[in-house]
Structures are given as structure tokens and as C-alpha cells.
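# A structural model of the following input is requested.
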Amino acid sequence: MVNKMSSSLKLGITKIGDLLLHNKITSDKSDNSIDNINLKLPLYQRPYKWTPKNVIQLMDDIQAAQNDNKETYRVGTLILYHNQQEDAYEIVDGQQRTITFCLFIKALNENAIIRFLEQDLADNQYNKHNVSNNFRTLERRVNNIVGEKDKKSLLDYVENNCELIVVITDDISEAFQFFDSQNARGKKLYPHDLLKAYHLREMNDMDANEIEKVVKSWEDLPQKDLSALFNEYLYRVKEWVRGNRAEELTEHNIHIFKGITRNENYPFAQFYKGAYAYSDMVNNSTMPFVAGICDLNAFQIDTPIVAGKPFFDYANHYFSILADIQKNDKYEGYFIKENDIIKTLNLRNYKNGVGNCITRLLFDTAILLYVDRFCLERPTKTDSAMLEQFIVFAFIWAYSMRAQYINVGWYSAQGYIMGNGMTNSFNIYKIIAEADSPAILLSVLSDKVEPLSYVQITESAKKSEVEEVNDGVEIIPQNYLYFFKEYKFIKDDNDNYEYSSY
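Okay, here's the model as predicted:
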């Protein structure tokens, strides 16, 4: 919020129908309506960038709120500048939702008269494409609603139950100051915060003490690391396994973590809810102790989540696995212990720089997916030996990208995963997810992972003042290329090399 609210600032709440169909704000702080709202999109507004995915998510959220009988569904904030010279209310913030609600109402009622839609949008590719594309998307979804009564009921809910908080000022600099305070200086809700709120709503039938325990376990985790878990690891792996590029987890695509709700009874939903319920029942019984077996694992990264408490269990589960993978401790944890490759990658010079961080993330996510699919909580010697072999392949795959590019950014990294023609550029995540056993996976990678020639490796990658250093306890190689040589994944220019024994 701005530090001091001036007398020119008005606050109000408006129903969507009042704003777009009756050109008024439903009520100000004195409970009086503000009439004659001539809503305008100024030239300084950014383009309309919402896509079909965004509008479908909004429609799904509204229908869910309607089904839950929520009397009021708040859909965001609208910041308006009252341009008194033109007697217009210019949208400073909130145009994406405002345009989408216009399209939504028109899709539900083609005869609706919305004065706001009569103005011309700025002539750019986003506006031209997204407005028509989103409208067609909403039309198709509305046509799938069986019965005119249901359509009218949804239209009534949109017009009379969906509300915006409205901020109006006749000072343009104050309007932007308020916009900045909302979007920059104010506390930002990160995707994992929004997911927390969503899944807590799914637990409203649980005992209050149980909910308190769940919230405490979530809050006890370092929030920066928790954010990274969802943004950098789980989200990206989910997309890469499907063969998609993974750009950024935002409020518009967090639906992939919303999961299956208690009311969904499709066959696939019953399967996953049943699997979670069974594992939860077994793990909370005496069976694991009596039988001497490990707890049943209720999760896989590339499968749907069950909403509510299972989501929080899911977060704790993968938080622990990722921490274990990255720790590389000789005595603690179950998975990676004192691995020489990871010792080198943990050196300070490989923890700095965008390229190093991206490459390490590709390496870590590949291991995370492997452990998730194939590693028991307490692996046998055979399990550990296969994991060690996989680490070599994952390292050669990820760091082949680092060795061949002078600069590594997310654009080049995503291209490498999608298969851009560079040596070893393929989607290792799909291969892991499609393998039925570690032995099959290692066999496939033996065929796919190729040695690099010295010609392919950049000069910056070859540079290393010291090949290895004795820190007084052990010798740690300083250049990651040491392991390319160690495991015979470098060939000379005459193609003389000995292929890896893995």
C-alpha cells in the first residue's frame, strides 16, 4: 500500500456485471455506487497476453467456486485513473482479467452489450491473436455446458457473484505509485504460497489440530528452498518428462500442482486416490514394522497429486529427497554418498554463474527423477551401484552441454533437452520416465551418450590452472573435464578413444 492515502484515492468493490454491463462500481466505502464509469484502455497499457490456458483456468476456478456455493468470489484488483479531461476511467492494472471477463460474458450471452469492447485495442500481434483465440476457446467451453439453465446460472454467477476490489484516483502518478506498491514493494505471493492456500481449502473437513501440524511442517521448511523445489525442480521435471519446454512456474500454470480433488471420481482419479489411501493406511499400521519392509511410497513426480493433505506430504517427501541428493555426505542420507563427481561440482567455482547453475540443475533433476522412479528409501548394494552408473551418464549428458557452449542460458538449455543437434542433446527425462527398470535405462543410455571430441569442447571449458588439488585431506579434481577423461568420454581428433565401460 502507499504510505499515505491521499484524498483523491477512492476504494470500492464492484460486481463484474455492474462494471461491464451497467458501467458502474457497485459500492464505495460509504456503500454508495459510483455511476457513469467510462472504462478505457490507455495507449500505455501492455498488450493482452492471456492465452487459452489462462482463460480456461479462470473459468474452471469460477465454476469450482460456484459449485462450492461461494456467495462472493473475489477475482483480483482493478486500479483506475480518473482522467477528468476526457471523463474516462483508464485501466492502470487489471486489463487482462477485465478483457477476459468481457469475452466470458459474450461467450455466455452473445446479445450482451459491453461498451468497453467497442473501443479499439492497440494494433499489435498479441491483441489481434489472443482476443479472438481466447473468445473461441471460451465459446467452445461454454458450448460443452449441457442445458440453457446451467449456462444462465453460470452467467448469473459471473455477473453477480464475481467481484473486483477497485482503486480509483484522479492523480496519474499516484495511480502508478499504487500499482508499484502492489506489484513490487508489497509482499509477493509466490506460486508455492498460492498452492499452500489452495490445498488448505481442500482440508476444511479435517481436525483443526491436524491442520495446524500440516501448516507447521510446511512453515518449518526454509521457504526459499521450498520455492526453488517447486519452481526449479518439480515443475521443470513435470514439463520435461512430457516433452515440453519449462519456462517459469507462475500463478497461471500452477494448476499442474493442484491435483485431484475429493469430488473427482473419474476412473483415473479413483486410481490415484486409492493408491494414496492404501499407502497411507499401510504406513500408519504396524505392517511395515512387523514385515520389516520400508514405507510404501505414495508419490511419483510425473503422476497427478491428490489435493489437500497429500500435497503437503508430497512437498515434504521431495524436499527430503532433493536435500539428500545434494548433500553428498559420507554418513548421512540414503542415496548419494561421497561421490567424486559431485565433490568437484560442489567447488565454489562451479556454484557461480548462470551457465554453471543451469547445468547443475539439469544434472540434479535427472538424478531426482531417477531416484524417484528406481531407488528404495534404503537401497541395496546393487541399487547403489546402478545409481552410481547412472550418475556418470547424467553427468556426461548435462556437462556435454556446458562443454560445447561458450555461454549457457535457459534458451540454449531448453533446446539441448529438446534435441537441437548438439552431441548428447536429447530428452533424458523422457527416457528415464519410460524405462521399466534401471538395467533397461542404463542400456539405453549406453547407446545414446556419446564421447565428445576435443574440437567440440570450447576453449573456456578446457582452461584449468590446476588439474587437481590436495586440500590436506583428499585430492579433488578442479575441472569437470577430468571425469570425461576418467570415464573415456573424450576422443581425440582422429576418433581414437576407448568407449565407456558402462
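# which SS state does the most centrally placed residue in the chain fall under?
Central residue of the chain (C-alpha atoms, centre = their mean): Leu249, 2.9 Å from the mean position. Following DSSP: H, G, I helix; E, B strand; the rest coil, Leu249 is assigned to coil.
# can you list the domains in this structure?
10-186, 187-321, 328-502 (automatic domain parsing).
# May I see those organised as JSON lines, with mean pLDDT added?
What follows is the domains of the chain, written out as JSON lines (pLDDT from 0 to 100):
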{"stretch": "domain 10-186", "mean pLDDT": "86"}
{"stretch": "domain 187-321", "mean pLDDT": "86"}
{"stretch": "domain 328-502", "mean pLDDT": "88"}
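# wait, what's in contact with the nearest residue to Leu249 once chain neighbours are set aside?
Spatial nearest neighbour of Leu249, excluding adjacent residues (C-beta to C-beta, 6 or more residues apart in numbering): Tyr235 at 4.2 Å. Heads up, the C-betas are built off the backbone N, CA and C, glycines and all. Listed by C-beta atoms under 8 Å, 6 or more residues apart in numbering, the contact partners of Tyr235 are 246, 249, 256-257.
# Just the buried residues out of those, in PyMOL syntax.
Those of the contacts of Tyr235 that count as buried under 16 or more other C-beta atoms under 10 Å are selected in PyMOL with:
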select buried, resi 246+249+257
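# Pick out the most distant pair among the contacts of Tyr235.
Across these, the longest distance by C-beta to C-beta is 13.3 Å; it joins Ala246 and Phe257.
# Is Gly409 in contact with Asn356, as I believe?
No - contact criterion C-beta atoms under 8 Å: Gly409 and Asn356 do not qualify, at 11.9 Å.
# more neighbours, these two?
Set side by side, Gly409 and Asn356 show more neighbours around Asn356, with 17 against 11, by other C-beta atoms under 10 Å.
# Okay, buried residues for the helix or strand containing the more buried one please.
Assigned by DSSP states H and E, Asn356 belongs to helix 354-374. Of all the residues in helix 354-374, those buried under the rule 16+ other C-beta under 10 Å are 355-356, 358-374.
# go on, stretch 15-35?
15-28, 34.
# what's near enough to touch the residue nearest to the centre of the chain?
Contacts of Leu249 (C-beta under 8 Å, 6+ apart): 191, 230-231, 235.
# between these, which is closest to Thr100?
Nearest to Thr100 among these, with distances taken as C-beta to C-beta, is Pro191, at 20.1 Å.
# Where do the strands of the stretch 401-502 of the chain begin and end?
452-453, 468-470, 475-477, 490-491 (DSSP state E, counting those that start in this stretch).
# can you tell me which of the ones you listed comes nearest to Asp383?
So among these, strand 475-477 is nearest, using C-beta to C-beta, at 26.1 Å.
# secondary structure class for Thr77?
strand.
# give me the beta-bridge partners of it?
Ile165 (DSSP bridges).
# From Asn253, how far off is it?
21 Å (C-beta to C-beta, to the nearest Å).
# Which one of these two is surrounded by more residues?
Asn253 (18 against 15).
# The more buried one contacts Lys53, correct?
Yes - applying C-beta under 8 Å as the test, Asn253 and Lys53 come out as touching, 6.8 Å apart.
# Tell me which helix or strand the residue lying closest to Gln223 once chain neighbours are set aside sits in.
Nearest residue to Gln223, sequence neighbours excluded (C-beta to C-beta, 6+ apart): His192, at 7.8 Å. According to DSSP H and E, His192 maps onto helix 191-201.
# Going toward the C-terminus from that helix, what's the next helix or strand?
Counting by DSSP H and E, what follows helix 191-201 is helix 208-219.
# Put the alpha carbons of the helix holding Asn356 into PDB.
The C-alpha coordinates for helix 354-374 follow below in PDB (Å, rounded to 0.1, in the frame of the first residue of the first chain):
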ATOM      1  CA  VAL A 354      24.200 -18.700 -14.800                       C
ATOM      2  CA  GLY A 355      25.600 -21.400 -17.000                       C
ATOM      3  CA  ASN A 356      27.000 -23.400 -14.100                       C
ATOM      4  CA  CYS A 357      23.800 -23.100 -12.100                       C
ATOM      5  CA  ILE A 358      21.600 -24.200 -15.100                       C
ATOM      6  CA  THR A 359      23.900 -27.200 -15.900                       C
ATOM      7  CA  ARG A 360      23.900 -28.300 -12.300                       C
ATOM      8  CA  LEU A 361      20.100 -28.100 -12.200                       C
ATOM      9  CA  LEU A 362      19.800 -30.300 -15.300                       C
ATOM     10  CA  PHE A 363      22.100 -32.800 -13.600                       C
ATOM     11  CA  ASP A 364      20.300 -32.700 -10.200                       C
ATOM     12  CA  THR A 365      16.800 -33.000 -11.800                       C
ATOM     13  CA  ALA A 366      17.900 -36.100 -13.800                       C
ATOM     14  CA  ILE A 367      19.100 -37.700 -10.600                       C
ATOM     15  CA  LEU A 368      16.000 -36.700  -8.700                       C
ATOM     16  CA  LEU A 369      13.800 -38.300 -11.400                       C
ATOM     17  CA  TYR A 370      15.900 -41.500 -11.300                       C
ATOM     18  CA  VAL A 371      15.800 -41.800  -7.500                       C
ATOM     19  CA  ASP A 372      12.100 -41.100  -7.600                       C
ATOM     20  CA  ARG A 373      11.500 -43.900 -10.000                       C
ATOM     21  CA  PHE A 374      14.000 -46.600  -9.100                       C
END
